[in-house]
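J.: what follows is a predicted structure for the sequence shown.
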Amino acid sequence: EEAAKLLPFPPAIEMKDLCYLLVPGLLTKWYPKYMAHLRNEFKRLGLHVTFSRVDTDQPVRVNAARIRHEVLELSESGRRVALLGHSKGAVDSAAAISLF
């Protein structure tokens, strides 16, 4: 928890102000506990975390559109959304930002 205070957030934003969208990497469906530890740690810290419903076997553009939809859905609560992608999930997230 002390380490979280060292992260470089802008002065007006705290970790608890954000909603975190975890975007998984390729072949995630074969690993049911993928990122479970990370999700649990976020929840332990009292952070709002959601696991993206992208199909990692799909092309980047398809997943980028899905991520856009999820970000818009999550932002309806008034929170900013932080995208955290692993492996292909980072590529899908970057595409969502650049395309939409």
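T.: Right, received. Where do you want to start? Numbers count the residues shown, from 1 in each chain.
J.: please save the CA atoms from the least confident helix or strand in the chain by mean pLDDT in CSV.
T.: In the chain, the helix or strand scored least confidently by mean pLDDT, DSSP states H and E is helix 36-44, which has a mean of 93. Output in CSV follows, covering the C-alpha atoms of helix 36-44 (Å, rounded to 0.1, in the frame of the first residue of the first chain):
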residue,chain,number,x,y,z
ALA,A,36,-6.4,-13.7,-10.6
HIS,A,37,-3.7,-12.7,-8.1
LEU,A,38,-3.5,-9.2,-9.6
ARG,A,39,-7.3,-8.8,-9.5
ASN,A,40,-7.3,-9.9,-5.8
GLU,A,41,-4.6,-7.5,-4.9
PHE,A,42,-6.4,-4.6,-6.6
LYS,A,43,-9.6,-5.6,-4.6
ARG,A,44,-7.6,-5.9,-1.4
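J.: neighbours of the nearest residue to S87 once chain neighbours are set aside, just the number please.
T.: Once flanking residues are discounted, S87 sits nearest to G25: 2.7 Å by C-beta to C-beta, 6 or more residues apart in numbering. For glycine as for every other residue, the C-beta is placed from the backbone atoms N, C-alpha and C. As a burial measure, G25 scores 17 neighbours (other C-beta atoms under 10 Å).
J.: so G25: helix, strand or coil?
T.: coil (DSSP: H, G, I helix; E, B strand; the rest coil).
J.: list the contacts of the residue nearest to the spatial centre of the chain.
T.: For the chain, the residue nearest the mean C-alpha position is L21 (2.2 Å; C-alpha atoms, centre = their mean). L21 makes contact with V49, T50, S52, I67, E70, V71, L74, V81, A82, L83, L84, according to C-beta atoms under 8 Å, 6 or more residues apart in numbering.
J.: pull the most distant pair out of those residues.
T.: The largest separation in the contacts of L21, counting by C-beta to C-beta, is between V49 and I67 at 15.0 Å.
J.: ok, the two, which is more surrounded?
T.: I67 (27 against 19).
J.: using the three-state scheme, assign Y20.
T.: What three-state DSSP gives for Y20 is strand.
J.: got the angle for the longest helix seen in the chain vs strand 18-23?
T.: When the chain is parsed with DSSP state H, its longest helix is helix 60-75. Angle of helix 60-75 versus strand 18-23, following axes from the mean of the first three to the mean of the last three C-alpha atoms, to 10 degrees, is 160 degrees.
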